[in-house]
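Visitor: structure for this input, please:
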Amino acid sequence: SQEACPAACPGTAGPALATDAHPVAVFLRGVLEGLLPEGEAALCVDVDESTNALPVEKLFFFSHALQRIAMPLESAASAGWRPGMAAGPLPVLTVRLRPIGRGRHSLTLFDNGCFFTSRLPGLSLGMEALTPLTAFVAKRQGSVILAQGRVTAFEIIG
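Guide: Alright, predicted model coming up:
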C-alpha cells in the first residue's frame, strides 16, 4: 500500500506527501484537507496499490461519504466548539482504502482517540446528524459500520 502521511503520524518519518504518492491517496487527502480547518488534525492516507483502477464513480462515492461524516463536525463547531479548544495531543485522522472483493471496497476513517469523541459526544449511527451519511450510503447499496473503543472508526463499504 501507499501512504501519504505527515510526520506527525505514528510510524512515518517522510515528507507530508511523497512525490510518488498514489493518485487516489492524493485525492482523498485533498478531500479531507478541504473538510477540516487547517491544523485541526494530522492526516494519514493509506491506499492499497490495487485501487489504481478505481472507477471515478467510486471515488466520488467515498468523497461524498467523507463529506457527510464531516457535516456534523461543522454543526459541532457552530454550537460552541472552536478549533484549538481541546488541550492535549494533536488529533490524527487516518483514511484507509482497500479492496474487499467482487468490485467492493472498504474506506475506513479512524482517529487516534482524540478527534471524534471531543467533537461529537454521544456518537452513534442512529444520531440525527449522521442520517445523511447512512441514507446516502444505503441508497447506493453500501453499508456503514461505526466502531468505538480506544479509537473511533467509520467503515464505508461500497
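
Visitor: tell me, how many residues neighbour the closest residue to residue 98 other than its chain neighbours?
Guide: Closest residue in space to residue 98, ignoring its immediate chain neighbours: residue 48 at 4.2 Å, by CB to CB, 6 or more residues apart in numbering. In this view, the C-beta of every residue, glycine as well, is placed from N, C-alpha and C. By other CB atoms under 10 Å, the residues close to residue 48 number 19.

Visitor: also residue 134?
Guide: Neighbours of residue 134 using other CB under 10 Å come to 18.

Visitor: confidence score at the residue nearest to residue 98?
Guide: For residue 48, the model assigns a pLDDT of 93.

Visitor: surely residue 93 and residue 109 touch.
Guide: Yes: using CB atoms under 8 Å, residue 93 and residue 109 qualify as a contacting pair, with a distance of 6.6 Å.

Visitor: show me where the chain has its helices.
Guide: Ranges of helices in the chain, per DSSP state H, are 23-35, 56-78, 116-119, 131-139.

Visitor: and those as TSV, adding distance to residue 154 and mean pLDDT?
Guide: Shown next, in TSV, are the helices of the chain (distance: least, CB to CB, whole Å; pLDDT from 0 to 100):
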stretch	distance to residue 154	mean pLDDT
helix 23-35	13	93
helix 56-78	6	84
helix 116-119	9	86
helix 131-139	8	96
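
Visitor: next, format these as JSON lines and append distance to residue 97.
Guide: As requested, these are arranged in JSON lines below (distance: least, CB to CB, whole Å):
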{"stretch": "helix 23-35", "distance to residue 97": "6"}
{"stretch": "helix 56-78", "distance to residue 97": "7"}
{"stretch": "helix 116-119", "distance to residue 97": "19"}
{"stretch": "helix 131-139", "distance to residue 97": "15"}
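
Visitor: I'm done for today, thanks for sticking with me.
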